[in-house]
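S.K.: Need the 3D shape of this:
(2 chains)
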Amino acid sequence: MNNRQELADLVFPGLTKTIADYEAMYPERNLKENAKVTRFAPSPTGFMHIGHMLGCVIDYVLAKKSNGVFYLRNEDTDTSRTVEGAVEYIRHVLEHYHMEPEEYEYRDLEETKGNYAPYIQSERKEIYQTFIKHLIIEGKAYPCFLTKEEMDVIREGQARDKRRIGIYGRYAKYRDLPVEEAIERIKNGESYTIRLKSSGDFNRKFKFNDLANGEMELPENDIDIPIMKSKDGLPTYHFAHLVDDHLMHTTHVVRGREWISSIPVHYELFKTFGFKMPKYIHIPLILKKDGDTIRKISKRLDPEARMTYYEEKGYPYLAVIEAIMTIANSNYEAWREGHPDARFTEFEFSPKKMSSSGALFDLDKLDNISKNYISHLTKEEVYEGVLSWSKIYDEEFSKILEKYKDYSMAIYNIEREQKKPRKDYTYYSEIKEKTWYMYDEYFDSSKVDFSAYDIEEVQTILTKYKDIYNEDDSAEEWFNRIKELCTSLNYATDMKAYKNDSSMYKGSVVDVTNILRIALTSLTTTPDLYSIMQILGKTRILQRFDKMIAK
RNA sequence: GGCCUGUUGGUGAAGGGGUUUAACACGCCACCCUCUCAAGGUGGUAUUCACGGGUUCGAAACCCGUACAGGCUACCA
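M.R.: A predicted model of the protein is given here:
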C-alpha cells in the first residue's frame, strides 16, 4: 500500500465502489443518433428567475425536438443556501409551463423516475467521493489546510502586487506537502479541503467551441480549485458538474454566460479523467433598462425578474414561452407566422443564432405576444383561463364567473370569432377591470358620472330611446333606430356633416351613443355597444336606464 | 489589477466584403376607417452599423488599436 492510497483511505474510508462500477451502473443512454440529453439543474434557493426560465425552455426544446431526454437535477451542494420548499416550487413552475421533466426526484412525494438516480446532488456524495478518491490516489488532488485567514492574506497580497488572484503555483502551499505529513495533520483533526492539483499552464491557450458563442481561445486553468468542501464533504459545483453530466450522459449543457470563465476549470477536469465533454450553450444574461443605463435584471429590484410575476398577472403560460422563444432565437416569430398551430418544441432552435450580448427582456413585447395569443383563443379557453387564475388570485370574481358562465363567455366572445379578433386582454388579471360593469354585483348606477352632459338632456334621450328600443334588432336596425332618434332630437347622424358645421346640431350620434354607453356601463370606452346590449339583455338595460332617469 | 466576451434604431434583432437607399417584429407618431374603444389599413420613424486607423476597386461585415459595457476573479451556484 503506497502512501497516497493510505491518505485516500483515511479521507474516504468505507467507499466500496469504483469509478468503473458507477460507469457500469449508469450506461450510455439508448437513444437515437443526435438525440439530445439536457438537464434543468437549479439550486434550490426558493425562487426562479426569468434567466433560469430561458435556459429551461432551451433545454426543453432541444430535448423534445430531437427525441432526447430532458431531466431535472437538484443542485443542492451548498447546504447553507437551500431553502425549504424550493424544489416543490420548481416542480410547480415546470408544471405550470407544462415542461415536466422525464427524469426527476421529488423527495417530498417519495417519487423518483429515471435510471440515473439519485437526481439530488446531496444524495450523490459517495459517488463524487469515489471520483475524488481516485484523484488522490493518482496524485492529482490533495488535502489543503489553508485557513480562511491565510487565504485572505494571500488574496490581499495578490491584489496589492497586481497579480492574478487564486491558489496556484507558489501560493498553493500544500500541493507538495509530503503525504505522510498530510496524513499526520488529518489524524490530528485539522480541517482541510480537497483541491485539484492543476497541471495547466496559464500562459498556454486552448481552443474551445461554444455552440452559442462560437470558437474562443482561453488560457488553461492553473488554479488548484477546491473540489470538495471541508464542511460536509460535498463537492463544489465544478466537480459535481463533471461527475453528474458524465454519468448521466448529458449531451448539451445550457447555462448562463457567467459560466464562461469557468470553462478552463471544467476543461481541465474532464481532461484529467479522460471524459468526453458535453457541448455547451452559454446563454445571454437577461438585462433591463433602468433609466439611462442597462443592467442585469435583478430579482430584488425588478418584479418581472421572478417567474411568480407572470403567474400573478395571469399571463397565459404559452404566451410567456413564446416571448422567451423570441429572445432565444429572433427568427422564431417568423417561424411562428408560418406555423400558427405548431407547438413551440417543433421549432428548430439554433444556438448560433442566440444573441451573444445580453438580451433585454421587453415587457411591451410580451404584452403584445400575450394579447395576440389570448385573442386567438376560443371563448371557452379564455373563460377557463380567467377562472383558474381568479380561483387563486381573486376568489370573489371566480364565484361570479362560475355563476355566470355562459354570460361571461358571451362577453369574451365580443368581436372574437372573426379573422382579426379584438385584442384587449393582455393577461387574465386584467379581464375583471375590463368587464366588471357587465355584472350587477359590480355595477353601481349611483356612481355613473354624467357631469360632462346636461342631465336633463340625458334623461330625455334615455326616455325616448327606451320607447324605441327593441332587443330583437339586428346591429343595423339597432343603429338605424339610434339615427332616427338623433334626427328627431336634432343630432347629426353624419359625422362629416357634423364636423363641417357643428352649430347646426345639438350634437352628434357620438353624443347619443356615448350617453347610452355611460348609462349602461358608466364608461366612455367599451367594446361595441350593440354587442354589449345584446349580452346585457333587456331586463338589465331597462333597469339601468330607469335608475338614470330617476336620478 | 488579471482573464474572457460584447458594442447595428426607443426595444428584440437580421445581415459574416458589392442586389443594404440596413430585413422583420414590438413600440412610437401621423392620417384613414369608425357609435366610443380595441382591432384593422396606409405612411413615417438608423443618410448609417461605438470611435480611430488599416486591408480592398468596394467594409456594418476582415485586421489592429481605443473607448465603453458586461461577466468571472468564493470551501456560491
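S.K.: Could you check which helix or strand contains residue A:134?
M.R.: With elements delineated by DSSP states H and E, residue A:134 resides in helix A:125-137, which encompasses its position.
S.K.: and the host helix or strand of residue A:184, which residues are buried?
M.R.: Here residue A:184 sits within helix A:179-187, counting by DSSP H and E. Residues of helix A:179-187 classed as buried: A:179, A:182-183, A:185-186 (neighbour count, 16 or more other C-beta atoms under 10 Å). Quick note: C-beta positions are derived from backbone N, CA and C, even for glycine.
S.K.: cool, and stretch A:118-138?
M.R.: In stretch A:118-138, counting by 16+ other C-beta under 10 Å, buried: A:118-122, A:124-125, A:127-137.
S.K.: Which ones, among the residues you listed, also lie beside RNA strand B?
M.R.: Counting by C-beta under 7 Å from any atom of the strand, nothing from the buried residues of stretch A:118-138 sits close to RNA strand B.
S.K.: show me where pLDDT drops low in the stretch 151-300 of chain A?
M.R.: The stretch 151-300 of chain A contains residues with pLDDT under 70 at A:287-300.
S.K.: can you give me the strands in it?
M.R.: When secondary structure is read from DSSP state E, counting those that start in this stretch, the stretch 151-300 of chain A shows strands at A:193-196, A:205-210, A:214-219, A:226-228, A:252-256, A:279-283, A:286-290, A:293-296.
S.K.: Dump these into CSV; add distance to RNA strand B as well.
M.R.: Output for these, formatted as CSV (distance: least, C-beta to the nearest atom of the strand, whole Å):
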stretch, distance to RNA strand B
strand A:193-196, 4
strand A:205-210, 7
strand A:214-219, 4
strand A:226-228, 4
strand A:252-256, 7
strand A:279-283, 9
strand A:286-290, 6
strand A:293-296, 4
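S.K.: Residue A:61 is nearest to which of those?
M.R.: Checking those against residue A:61 by C-beta to C-beta gives strand A:252-256 as the closest, at 9.9 Å.
S.K.: So what touches that closest one?
M.R.: Outside strand A:252-256, the residues that touch it by C-beta atoms under 8 Å, 6 or more residues apart in numbering are A:36-39, A:51, A:55, A:58-59, A:62, A:211, A:241, A:245, A:278-283, A:285.
S.K.: For ChimeraX, what selects the buried ones among these?
M.R.: What follows is the ChimeraX syntax for the buried subset of the contacts of strand A:252-256, where burial is set by 16+ other C-beta under 10 Å:
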select /A:36,37,38,39,51,55,58,59,62,211,241,245,278,280,281,282,283,285
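S.K.: just checking, which of the contacts of strand A:252-256 belong to helices?
M.R.: The helices, defined by DSSP state H, take in A:51, A:55, A:58-59, A:62, A:241, A:245 from the contacts of strand A:252-256.
S.K.: picking that back up, would you list the buried residues of helix A:179-187 in CSV and tack on distance to RNA strand B?
M.R.: Supplementary listing: the buried residues of helix A:179-187 in CSV, determined by distance: C-beta to the nearest atom of the strand, whole Å:
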residue, distance to RNA strand B
A:179, 19
A:182, 14
A:183, 18
A:185, 13
A:186, 13
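S.K.: ok, the closest residue in space to residue A:135 that isn't next to it in sequence - contacts?
M.R.: Nearest residue to residue A:135, sequence neighbours excluded (C-beta to C-beta, 6 or more residues apart in numbering): residue A:141, at 3.7 Å. Residue A:141 makes contact with A:132, A:135, A:194-197, A:227 under the criterion C-beta under 8 Å, 6+ apart.
S.K.: for residue A:141, phi and psi?
M.R.: Main-chain dihedrals, residue A:141, degrees, to the nearest 10: phi -150, psi 160.
S.K.: what about the residue lying closest to residue A:377 once chain neighbours are set aside, distance to residue A:379?
M.R.: Taking C-beta to C-beta, 6+ apart as the measure, residue A:377 lies nearest to residue A:385, with 7.2 Å between them; neighbours along the chain are not counted. When C-beta to C-beta, to the nearest Å is the yardstick, residue A:385 and residue A:379 sit 11 Å from each other.
S.K.: and those two? which has more neighbours close in?
M.R.: The residue with more neighbours, out of residue A:385 and residue A:379, is residue A:385; 21 against 17, by other C-beta atoms under 10 Å.
S.K.: Could you measure from the more buried one over to RNA strand B?
M.R.: From residue A:385 over to RNA strand B the distance is 17 Å, taken as C-beta to the nearest atom of the strand, to the nearest Å.
S.K.: That residue contacts residue A:428, doesn't it?
M.R.: Yes. Assessed by C-beta atoms under 8 Å, residue A:385 is found in contact with residue A:428 at 5.4 Å.
S.K.: list the residues that contact both of the two?
M.R.: Taking C-beta under 8 Å, 6+ apart as the contact criterion, the residues that touch both residue A:385 and residue A:428 are A:314, A:316.
S.K.: Show me what secondary structure element comes after the helix holding residue A:134.
M.R.: With elements assigned by DSSP H and E, the helix or strand that comes after helix A:125-137 is strand A:141-144.
S.K.: Run the chain-centre distance for that next one.
M.R.: With C-alpha atoms, centre = their mean, to the nearest Å as the basis, strand A:141-144 stands 40 Å off its chain's centre.
S.K.: buried set for that strand?
M.R.: Within strand A:141-144, the residues that qualify as buried are A:141-144, counting by 16+ other C-beta under 10 Å.
S.K.: Check stretch A:96-115 too.
M.R.: Judged by neighbour count (16+ other C-beta under 10 Å), stretch A:96-115 contains these buried residues: A:97, A:99, A:101, A:103-106, A:114.
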